[in-house]
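> structure for this input, please:
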Amino acid sequence: MAEKSFADALNEQIANELAASQQYVGAAVYYDAETLPRLAQFFYRQALEEREHAMMMIQHLLDVEEEVRIPDIKSQQTSYEDGGAPVRMALEWERRVGEEICALFELAREVKDYRAEQFMQWFVKEQVEEVALMGDLLNVVERSKDNLLLAEDYIARESPGEGSADPTAPPAAGGAG
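Here you go, the predicted structure:
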């Protein structure tokens with residue numbers, strides 16, 4: 001049998017999602033300070049998305065009448081050695097979160113929590129998209145490392161990560177739905 005409950009594991013993931021949100025604010029602040037507004041906006045938007053993921057998880061716990069624990073906030077890095085470092089950090093983070101999401105899915109299956117398993121399916125799909133998004137952005141930033149204004153142009157032209165709302169997404173706590 002599993003060592004911890006799905007609710008305990010999901011509370012840990014809520015902390016991870018909120019930490020990701022804070023890390024992305026830190027990356028956005030770095031790009032804002034470097035006068036790279038499109039990269040900054042990209043990361044501000046990603047920060048909001050990570051917060052939304054945490055709020056979806058909170059709503060799930062509320063819906064199944066489990067305890068919700070809100071973590072402490074830790075300070076985050078706002079300076080980097082080069083313009084590609086925040087994107088490298090984000091790609092590593094998204095890969096790790098992908099592993100955490102799959103572990104949550106496996107735990108839900110192991111403890112036969114079918115509601116949790118169904119809930120986690122959307123996050124599995126979402127993490128594939130997030131890793132691909134950060135991988136693509138890293139490719140562009142690394143090719144543009146001598147002139148990050150080229151990465152700014154790419155973001156302006158392609159609008160990565162600016163998809164429309166996903167109607168299959170779980171509801172978020174505090175949402176109108």
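> and residue 86, how far from residue 26?
Residue 86 sits 8 Å away from residue 26, going by CB to CB, to the nearest Å. Every residue, glycine included, has its C-beta placed from N, CA and C.
> who has more neighbours out of those two?
With neighbours defined as other CB atoms under 10 Å, residue 86 and residue 26 compare such that residue 86 has more, 29 against 19.
> doesn't residue 42 make contact with the more buried one?
No. Taking contacts as CB atoms under 8 Å, residue 86 lies outside contact range of residue 42: 9.9 Å.
> overlap in contacts of these two?
residue 31 (CB atoms under 8 Å, 6 or more residues apart in numbering).
> give me the nearest residue to residue 42, chain neighbours excluded.
Using CB to CB, 6 or more residues apart in numbering and skipping residues adjacent in sequence, the residue nearest residue 42 is residue 155, 5.8 Å away.
> can you tell me which residues contact the one you found?
For residue 155, counting by CB under 8 Å, 6+ apart, the contacting residues are 38, 39, 41, 42.
> against residue 144, how distant is it?
From residue 155 to residue 144 the distance is 11 Å (CB to CB).
> what is the burial count for the closest residue to residue 84 other than its chain neighbours?
Spatial nearest neighbour of residue 84, chain neighbours left out: residue 141 (4.8 Å); criterion: CB to CB, 6+ apart. Residue 141 sits with 22 neighbouring residues when counted by other CB under 10 Å.
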